[in-house]
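Trainee: Have a look; sequence and predicted model below, questions after that.
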Amino acid sequence: MDIKPIRSEADYERALRRVEKLWDFPEGSARSDELDILATLIEAYEREHYPIDLPSPIEAIEFRLEQQGKDTRALIGVIGQRTRVYEVMQGKRPLSLNMIRNLHQKFAIPAEVLIRPARRSRRTDHRLSELKLGRTRVRKLA
C-alpha cells in the first residue's frame, strides 16, 4: 500500500482510478483498508476544491415535493393560500419565519436551507442593473 497525499488534479485522478480497481475487494482485507483511506483523502480534496453550495429555499422545496410525488398544491395551508404559495414559489415573496417552521416540520426540509436568501438569476440581476442605469440617464437628461 503506497498512499500519498492528494495535492494536485493529477494526484486526484490517480486516486480515483485506484479506487475503481479496489472497489470489489472484500471488507476487512488490506485492499479494502486502502480503499477506505483513499476515499477519505478524496473526500477531503473534493471538499476543498469542489465545494457544493446549498440549494436555494425554492429549489429545496421543489426537490422535496418531487421526492414525495407531490406538487405545489401540497403547500396550501403550510405556507398560506394558493396565491401566497404562487408568490413564494415564483420568488415574489420571501418565506416568513412561520412558513419556514411549517416547511421544516411538515416536509423535513433543513431550516438552514430555508433561511437562506433566494438567489436571483444573473439575467434578473443584469436587467435590474440596466433599469437602474436607465433611471440614472433619465434623471441626468431631465
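Mentor: Everything's here; your move.

Trainee: how about the one helix or strand Asp36 maps to: buried residues?
Mentor: When elements are assigned from DSSP states H and E, Asp36 belongs to helix 30-49. Counting neighbours by 16 or more other C-beta atoms under 10 Å, one finds that the buried residues in helix 30-49 are Glu34, Leu35, Leu38, Leu41, Ile42, Tyr45. Every C-beta, even on glycine, is put in place using the N, C-alpha and C of the backbone.

Trainee: any idea of the mean pLDDT in it?
Mentor: Per-residue pLDDT values over helix 30-49 give a mean of 92.

Trainee: Could you do stretch 69-89 as well?
Mentor: Across stretch 69-89, the average pLDDT comes to 96.

Trainee: One more: stretch 13-22?
Mentor: The pLDDT scores in stretch 13-22 average 93.

Trainee: just use 122 as the starting number from now, easier for me
Mentor: Happy to do that; since the first residue is 122 now, the last one works out to stretch 134-143.

Trainee: gap between it and the chain center?
Mentor: The chain centre lies 27 Å from the centre of stretch 134-143; the measure is C-alpha atoms, centre = their mean, to the nearest Å.

Trainee: what's next to it, contact-wise?
Mentor: Ile127, Arg152, Ser153, Glu155, Leu156, Leu159, Ala160, Leu162, Ile163, Tyr166 (C-beta atoms under 8 Å, 6 or more residues apart in numbering).

Trainee: can you pull the contacts of Leu186?
Mentor: Residues counted as contacts of Leu186 (C-beta under 8 Å, 6+ apart) are Asp192, Thr193, Ala195, Leu196, Phe228.

Trainee: ok, the closest residue to Asn223 other than its chain neighbours to Ile182 distance?
Mentor: For Asn223, ignoring the flanking residues on the chain, the nearest one in space by C-beta to C-beta, 6 or more residues apart in numbering is Val199 at 4.8 Å. Here Val199 is placed at a distance of 10 Å from Ile182 (C-beta to C-beta, to the nearest Å).

Trainee: Tell me which stretches of this protein form helices.
Mentor: In the chain, the segments counted as helices under DSSP state H are 130-143, 151-170, 178-188, 203-210, 218-228, 232-235, 243-262.

Trainee: Distance from the third one to the middle of the chain?
Mentor: When you say that, I think you mean helix 178-188. Averaged C-alpha coordinates place helix 178-188 at 11 Å from its chain's average position (C-alpha atoms, centre = their mean).
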